[in-house]
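Predicted model and sequence below, questions to follow.
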Amino acid sequence: MTAQELVQLAFERLAQRSGFETRHDQVQLSLLLSDLIEQGSTGLFEAPTGLGKSLATLIPAIANAIANDKRTVIATYTNVLADQYWRKDLPLALSLFDAHVPTAFLIGRQRYVCLMAMDEHMPGEVESFQLGAEEGVENEFRRLIRKPDREINKLWPQIAVPPVCPARACPAYDDCFYYQARKKLEKAKVIITNHSVVIQDAASSDPEAEREGMLFKYDFLVLDEAHDFPSAALNGLEFELSGSRLGSLTGIANRLENLVVPLAEVTGERREWHEKGEELRHQVQVAQKELVALGMQLEHGGIVAVTPEEIDDHPAVQRAHAKQYLTQVESIAERVRNACDRLSTDAVLRVERYRQEGKHPEAKTIADSSRNYISYVRDFAAGAHELSRPSGAAVSYIGNPRSEVILRRDYIDLREPLTGLIWDRVPYACLSATLQVDNEFDYFKQLTGTKPMFEEVLPSPFDHSLQCAVYMPKRDAIPDPTLSRGAGEQTYYRAIARELSQIIEACQGRTLALFHSRKEMEGVYAFMEVSEDLPILVQGRTGVAMVGEQFKKNIFASLFALRSFWTGFDAPGETCSCVALVRIPFEVPVEPSMIARMAYLAQQGMDPFQSHTLPNAKIIMRQGAGRLIRSENDKGILALLDPRIQTKRYGEQFIANLPPGMRQFNDILDAVGWIGLE
Ligand code: SF4
């Protein structure tokens, strides 16, 4: 059977299962993806909530594994969605096919339990955890280890898999959850992972040198939640140097030295290893002192180097300069780089020799394991070099010191790195419910450099014109937030609180209020006046996951939340009957990397507000609004409280980016009555 026939058959079988119906657009998306996988083509898809995107993605991946022997990687931004793919959707999708298809799941290594570390810190609990856990990941640990959240938060960094470990040379290697998961990858035809792993894999592999990454060579990449891929890429490709990271570097150099002891003893080279290690430790210590000295002089962070150089003259970049510290940053970076280079170059040669000579029975295993440590040190050298001499379009800066000085290098244009690492290497499909701005994919393409061969927008299965009403307060009810600084701030908070209090009373709780800043959220909360039986939960007073669960469980509760709830939060049913978007989430360029990014756009002849700030805010508003209608039975009110939506020229554009046909009200009781909230 062809892949297309297998896809059709899978959906026919799905339709026969009780509780499932196949949607025309879901099948359509699946067939389109199947085509792309089969032909090695590329596409962008806007696939709305409720379409059944996960199954529409998994079915063609499995079909093409069977019919065409293709390996597909499916990556999400959040581990929550990756977990849902793996535990819920993949078993269902696999059950629709007769053939067996090997699959694998991998998220970032620091999300797995390290058995050696667990044995050290919680010796009595390893066995029962091994018995109860399937993947050995953090959420299983939280579920299986019955301890209060606060205690687990403290424990987790101690028992999570470290950035580098002895791997094959570890006595627990054969049982290690993380390395078991990696082992499965090699044979797997469908792999569920996250964006960060995709970036890390791409950065560590080199197809020209035939060097494979941890995901091994694959034929097709699906990026789900693709609107968040730029942010995963920025995080994955940044480099950071701080006192604590230098501490980790020393720890890794020490562990390398310990690891090779058996081989160094056989060859009589213990002293040489120790001397090399000592040299690195000494240089790192000097660099740490230099960092502290820099911190004592520093009044504020700022940009020390930026490329292309023309951006340097931009007034905003000039204002953010901290170039007077460039010489010190160069000295620290070069000191660390040289020390790392010397150690890694020497270590590579010695270890390779040990492997070839084979004088010790464990020579190969130890040599393989030491490679991880050496790569870490070598990558650190490359990163340190970039701090004083960034390449591509990038910025190096000193972060605003709180507890310690942080030197960072960030990309300010992702197009070139992503083209080299992803788009030119492997055919792909980017999927999201919010990939378009103003009915175009241009913003995503401009941000990431993708040049897809195919673009498609699937219609929403929901009828927003019937399921949703828009509420906007009367024009003068809330002052313009940008004109409400200083003394006016309290007036603004009071006005928002008055509106939200009315909304919560009218909706009988059930309101998710999304804020742009903690200060604003707390400021508004202080003025809230609602009945005692309509509790308001506030993000930050309890953990993100817990506060979300409390909101879902208590039908009369409302939730004040920040950015992590604008996207990915799923509360179907009447528990979330109103979503209030308090303020348009315009990014304010205060961080050096953001300032440099804006200057870069201006240098390219673009208006930074029109080309970045505005479209970015539109996407976030679309995501926030998307929290409201999560199923065909949902109905509710979208409250847009920012008065600029009614007073500024761009206001209409925000409305135009929301689902069409929603009726607008400026009296909350009218909106509640019309939509029929009970
Ligand atoms: S192989 Fe590494 S991660 Fe796994 S148990 Fe051993 S030290 Fe921990």
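Right, received. Where do you want to start? Numbers count the residues shown, from 1 in each chain.

In the stretch 201-350 of the chain, what residue comes closest to the ligand?
Arg255 (9.9 Å; C-beta to the nearest ligand atom). (Glycine included, C-beta is placed from N, CA and C.)

Make sure that residue is actually in contact with Ala167.
No - in this structure, Arg255 is not within contact of Ala167 by C-beta atoms under 8 Å, at 11.5 Å.

End to end on stretch 643-651, go ahead and measure it.
With C-alpha to C-alpha, to the nearest Å applied, stretch 643-651 spans 9 Å between its terminal residues.

pLDDT averaged over that stretch - what is it?
In this model, stretch 643-651 has an average pLDDT of 94.

what do you get for stretch 585-603?
93.

Identify each buried residue in that stretch, please.
Neighbour-count burial for stretch 585-603 flags 585-586, 589, 591-603 (criterion: 16 or more other C-beta atoms under 10 Å).

and the closest residue to the residue of the stretch 201-350 of the chain closest to the ligand other than its chain neighbours, what element?
Leaving out its chain neighbours, the residue that sits closest to Arg255 by C-beta to C-beta, 6 or more residues apart in numbering is Tyr373, at 6.3 Å. Tyr373 is part of helix 363-388, with elements assigned from DSSP states H and E.

Show me how far the least confident helix or strand in the chain by mean pLDDT is from its chain's centre.
Least confident element among the helices and strands of the chain, by mean pLDDT, DSSP states H and E: helix 544-553 (a mean of 86). Counting by C-alpha atoms, centre = their mean, to the nearest Å, helix 544-553 is centred 21 Å from the centre of its parent chain.

For it, C-alpha coordinates in PDB please.
C-alpha atoms of helix 544-553 as PDB (Å, rounded to 0.1, in the frame of the first residue of the first chain):
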ATOM      1  CA  VAL A 544       2.500  27.300  37.400                       C
ATOM      2  CA  ALA A 545       1.200  23.700  37.100                       C
ATOM      3  CA  MET A 546      -0.600  23.800  40.400                       C
ATOM      4  CA  VAL A 547      -2.300  27.200  40.000                       C
ATOM      5  CA  GLY A 548      -3.500  26.000  36.500                       C
ATOM      6  CA  GLU A 549      -5.000  22.800  38.000                       C
ATOM      7  CA  GLN A 550      -6.600  24.800  40.900                       C
ATOM      8  CA  PHE A 551      -8.200  27.100  38.300                       C
ATOM      9  CA  LYS A 552      -9.600  24.200  36.300                       C
ATOM     10  CA  LYS A 553     -10.900  22.400  39.400                       C
END
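
Tell me which residues are up against it.
149, 512, 537-539, 541-542, 557-559, 561, 564-565, 569, 571, 575-576 (C-beta atoms under 8 Å, 6 or more residues apart in numbering).

likewise stretch 428-436?
With contacts defined as C-beta under 8 Å, 6+ apart, stretch 428-436 is touched by 33, 36, 42-49, 53, 57, 220-227, 229, 422, 441, 443-444, 450, 452, 457, 619, 622-623, 626.

what do you get for stretch 616-623?
By C-beta under 8 Å, 6+ apart, stretch 616-623 touches 227, 433-434, 437-438, 443, 566-567, 581, 584-587, 653-654, 657-658.

again, only this time at 7 Å
227, 434, 437, 566-567, 581, 584-587, 653-654, 657-658 (C-beta atoms under 7 Å, 6 or more residues apart in numbering).

Can you add distance to Lys189 and give the residues you listed back as CSV?
Formatted as CSV, the contacts of stretch 616-623 follow (distance: C-beta to C-beta, whole Å):
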residue, distance to Lys189
His227, 27
Thr434, 30
Val437, 35
Trp566, 35
Thr567, 30
Leu581, 42
Ile584, 44
Pro585, 40
Phe586, 44
Glu587, 40
Gln653, 44
Phe654, 43
Asn657, 38
Leu658, 39
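
out of the residues you listed, who has the most neighbours?
Neighbour counts for the contacts of stretch 616-623 (other C-beta atoms under 10 Å) peak at Leu581, which has 27 neighbours.

Quick check: that residue vs Val377, distance?
Distance of Leu581 to Val377, computed by C-beta to C-beta, to the nearest Å: 47 Å.

Gln610 too?
Distance check for Gln610 against Val377: by C-beta to C-beta, it reads 44 Å.

So between the two, which is more surrounded?
Using other C-beta under 10 Å as the criterion, Gln610 and Val377 rank with Val377 on top: 23 against 11.

low-scoring pLDDT stretches of the stretch 251-400 of the chain, where are they?
Residue ranges of the stretch 251-400 of the chain with pLDDT under 70: 400.

Can you name the residues of it that neighbour the ligand?
On the criterion C-beta under 6 Å from any ligand atom, the ligand has no neighbours in the stretch 251-400 of the chain.

just the strands in the stretch 251-400 of the chain please.
302-307, 394-398 (DSSP state E, counting those that start in this stretch).

tell me the most buried of those strands?
Counting by mean count of other C-beta atoms under 10 Å, strand 394-398 has the highest mean neighbour count of the strands of the stretch 251-400 of the chain, with a mean of 26.

just checking, what packs against that one?
strand 302-307, strand 406-411, helix 592-603 (3 or more C-beta pairs under 7 Å, 6 or more residues apart in numbering; DSSP states H and E).

now the last one and strand 394-398, what's the angle there?
For helix 592-603 against strand 394-398, the angle by axes from the mean of the first three to the mean of the last three C-alpha atoms, to 10 degrees is 140 degrees.

and helix 592-603 with strand 406-411, angle?
Inter-element angle recorded for helix 592-603 and strand 406-411: 30 degrees (by the same axes, to 10 degrees).

Can you give the contact residues for the helix or strand just after helix 592-603?
Using DSSP H and E, the helix or strand that follows helix 592-603 in sequence is helix 608. Residues from elsewhere that reach helix 608 (C-beta under 7 Å, 6+ apart): Met598, Leu601, Ala602.
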